[in-house]
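K.L.:
Sequence and predicted structure below; questions after.
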Amino acid sequence: MANRLAHESSLYLRQHAENPVDWFPWGEEAFALARETNRPVLLSIGYSSCHWCHVMAHESFEDPATAAVMNERFVCVKVDREERPDVDALYMQATLALAGHGGWPMTVWLTPDQRPFYAGTYFPRIARGGLPGFADLCTSIADAYATRPDEVDAQAGHVVERLARATVKRTAPGEISPALLDDAVIGLARAFDPVNGGFGGAPKFPPSLALEFLLRRAERHPDEVNTREMAELTLRRMADGGMYDQVGGGFHRYSVDAVWLVPHFEKMLYDNALLARVYAHAHRLTGDPDWRRVAEETLDYLLREMRSQGAFAAAQDADSPGGEGAFFVWGPEDLHDLLTEDEALAVTFRYGVSPAGNFEGRTILHAALPLEQVAGHIGQDPVPLLASAREKLYAARQGRPAPARDDKVIASWNGLAIAALADAGVILDRPDYLRAASETAGTLLDRLVVEGRLHRTLQEGTARHLGQLDDHADLAHGLLQLYAATFEPRWLIAARELAARMVDLFGDDGEGGFFYSGSDGERLVARTRDLEDHPTPAGNSPGCCCGSRRSRATRPCWRWPRARCGWCAPTSSGSPTPSAPRSPPPTTWRTNGARWRSPAIPRTPPPWP
């Protein structure tokens, strides 16, 4: 019999609808029952494409004996972190404080008033590897809550106090100096892996934002050879490794090893948007055709496989019916059955296919040999053979049971995709990318803004959940990039309106910067800030950038210095008007290294000093 999650819009929550656990979605009903019965809340947070979330679900949440303990001793609540990132961010801080590490699935025990007192991530059903068995742990925590309530209350109070202190971030004294950027380069150099690229050891996550910084630094300081080398080696190793889908394009979430070979196989929209943009920027800086190829293959993958409801879906799962990664791996028998003899030979040498394989007896394709060596082995140019082979392998792969796709549209991640498509459309001279960016932007503005308030997700055609800081900041940034690429005033106007709402809803008038959740949102036990970039930019990063660019874009017009342009000047109602007093003639000029013909509307001003 299905539980309450069967009627939720979230794919992740519906994946748990047949569990014997009596799950509640996050909401007052669950916490009211916890107060009424004086039971603690067991909060489980994850997302649909998370491999270890699936593992814990199969081991514990589908186990009747474990579910019986959970149902008897707790009120159990499931949260999709992609729907409610405010809840996720708050309890991730608590988990880090209590357990010393974080991740998903996240498992947190709360008092009925939502205060956390114990937390962890994945727990096995049966004790192993130094981790307690989940049912035994649940019993111990429930016993402690029942027999030592004062200790639990004190622990919860201590954690909430720590969370509250963490929200108070005071501005560092002194001026912001370029020396900060010098220190950032030095810090990255110390962590850099000079053999395999990336920073630190296994597991390795794609350092999209660090690479973007290094490329910008290399462009401004071409004498810093090491800066460019760090970026290019990392780009090369990631694109050559198994973390990159050599057949269909696009990047998997991360590599479990230090050499970018074996990934966790989920594909996230935000990773692919950020990485496509980085590779396009690398092509603009260096002219390397490989960077163009990877950028195009990644964006083409998004356009081919990830379109949803007029925008882009959130993710593809790590698991498929054949097991984790089964959809993406190959064996020599596949090559024999699907390819010509020459194609199979080229693929074998280029991508390292062997009978033993490199992942559970199968092979994750990776660039095992340079093309020059492959040509030496097979006695001919491998490029056309590999191109035709990839087409055949892709067609055959489409007949396999595919990983599930989470079709929900997330505002912030689609903002990142808009920025990537806009930049790549200009740099790579791909008008189809600009059209896709415009279509996506139009969908988000038409369907996610309800009564002037941006919402976070579009699910089954309905806008759900109030947008958070990153939704406003990333979408505004994407709109500004789209405006820079197309010169269509509506994108600048929309970006200005989003930025203004962002300041009103999230701005901290006392300490500066932005809170993560809006002033009109649900009141949690603490209001968090997002100050550190992780896989995606921290909301404060694009938020501050958008504020700066918005200010520069609406300075006195460079063409009419005594008045603002008509399309960016506020009307008496405070909203901008799209009518321009006059337009310069069409002109051809250079943007981001590519020549582009502007429409007959006012140009953006030259870079401000």
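P.N.:
Noted; the coordinates are in hand. Numbers count the residues shown, from 1 in each chain.
K.L.:
Would it be right to say that W109 lies in a strand?
P.N.:
Yes - W109 forms part of a strand when assessed by DSSP: H, G, I helix; E, B strand; the rest coil.
K.L.:
and it, what is it in contact with?
P.N.:
40-43, 74, 116-119, 141, 145 (Cβ atoms under 8 Å, 6 or more residues apart in numbering). Heads up, the C-betas are built off the backbone N, CA and C, glycines and all.
K.L.:
So which of those residues are in strands?
P.N.:
With strands taken from DSSP state E, the overlap with those comprises 41-43, 116-119.
K.L.:
which residue is nearest the centroid of the protein?
P.N.:
Among the residues of the chain, Y270 comes closest to the average C-alpha position under Cα atoms, centre = their mean, at 3.1 Å.
K.L.:
Identify the residue spatially nearest to E151, adjacent ones excluded.
P.N.:
Closest residue to E151 apart from its sequence neighbours, by Cβ to Cβ, 6 or more residues apart in numbering: A144 at 7.2 Å.
K.L.:
surely the one you found meets Q155?
P.N.:
No - checked against Cβ atoms under 8 Å, the pair A144 and Q155 is beyond contact range at 9.5 Å.
K.L.:
Strands of the stretch 451-600 of the chain, start to end?
P.N.:
453-459, 462-466, 588-591, 594-597 (DSSP state E, counting those that start in this stretch).
K.L.:
likewise the stretch 201-350 of the chain?
P.N.:
Using DSSP E, counting those that start in this stretch, the strands found in the stretch 201-350 of the chain span residues 254-255, 263-264, 267-268, 307-308, 311-312, 315-316, 319-320, 323-324.
K.L.:
Mind putting these into JSON lines with mean pLDDT?
P.N.:
Shown next, in JSON lines, are the strands of the stretch 201-350 of the chain (pLDDT from 0 to 100):
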{"stretch": "strand 254-255", "mean pLDDT": "96"}
{"stretch": "strand 263-264", "mean pLDDT": "94"}
{"stretch": "strand 267-268", "mean pLDDT": "97"}
{"stretch": "strand 307-308", "mean pLDDT": "98"}
{"stretch": "strand 311-312", "mean pLDDT": "98"}
{"stretch": "strand 315-316", "mean pLDDT": "96"}
{"stretch": "strand 319-320", "mean pLDDT": "84"}
{"stretch": "strand 323-324", "mean pLDDT": "86"}
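K.L.:
L385: which of those strands is closest?
P.N.:
L385 lies closest, by Cβ to Cβ, to one member of those: strand 263-264, at 25.5 Å.
K.L.:
which residues touch the closest one?
P.N.:
Outside strand 263-264, the residues within contact range by Cβ under 8 Å, 6+ apart are 51, 242-243, 252-256, 318, 324-325, 364.
K.L.:
give me the low-pLDDT residue ranges for the stretch 151-300 of the chain?
P.N.:
By pLDDT under 70, the weakly predicted segments of the stretch 151-300 of the chain are 169-173.
K.L.:
Can you give me the end-to-end span of stretch 497-517?
P.N.:
Using Cα to Cα, to the nearest Å, the end-to-end distance of stretch 497-517 comes to 18 Å.
K.L.:
before we move on, what about stretch 456-468?
P.N.:
7 Å.
K.L.:
mind checking how far it is from the chain centre?
P.N.:
Centroid displacement of stretch 456-468 relative to its chain, using Cα atoms, centre = their mean, to the nearest Å, is 17 Å.
K.L.:
Likewise for stretch 276-291?
P.N.:
With Cα atoms, centre = their mean, you get 21 Å for stretch 276-291.
K.L.:
what do you get for stretch 200-218?
P.N.:
15 Å.
K.L.:
Residue numbering should commence at 122 henceforth.
P.N.:
Sure, I'll start numbering at 122, so the last one becomes stretch 321-339.
K.L.:
Now the terminal residues of that stretch, how far apart.
P.N.:
Terminal residues of stretch 321-339 are spaced 21 Å apart (Cα to Cα).
K.L.:
rewinding a little: got the strands of the stretch 322-471 of the chain as JSON lines, with distance to V229 and mean neighbour count columns?
P.N.:
Formatted as JSON lines, the strands of the stretch 322-471 of the chain follow (distance: least, Cβ to Cβ, whole Å; neighbours: other Cβ atoms under 10 Å):
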{"stretch": "strand 375-376", "distance to V229": "23", "mean neighbour count": "22"}
{"stretch": "strand 384-385", "distance to V229": "23", "mean neighbour count": "23"}
{"stretch": "strand 388-389", "distance to V229": "23", "mean neighbour count": "26"}
{"stretch": "strand 428-429", "distance to V229": "30", "mean neighbour count": "17"}
{"stretch": "strand 432-433", "distance to V229": "30", "mean neighbour count": "26"}
{"stretch": "strand 436-437", "distance to V229": "23", "mean neighbour count": "28"}
{"stretch": "strand 440-441", "distance to V229": "24", "mean neighbour count": "19"}
{"stretch": "strand 444-445", "distance to V229": "26", "mean neighbour count": "16"}
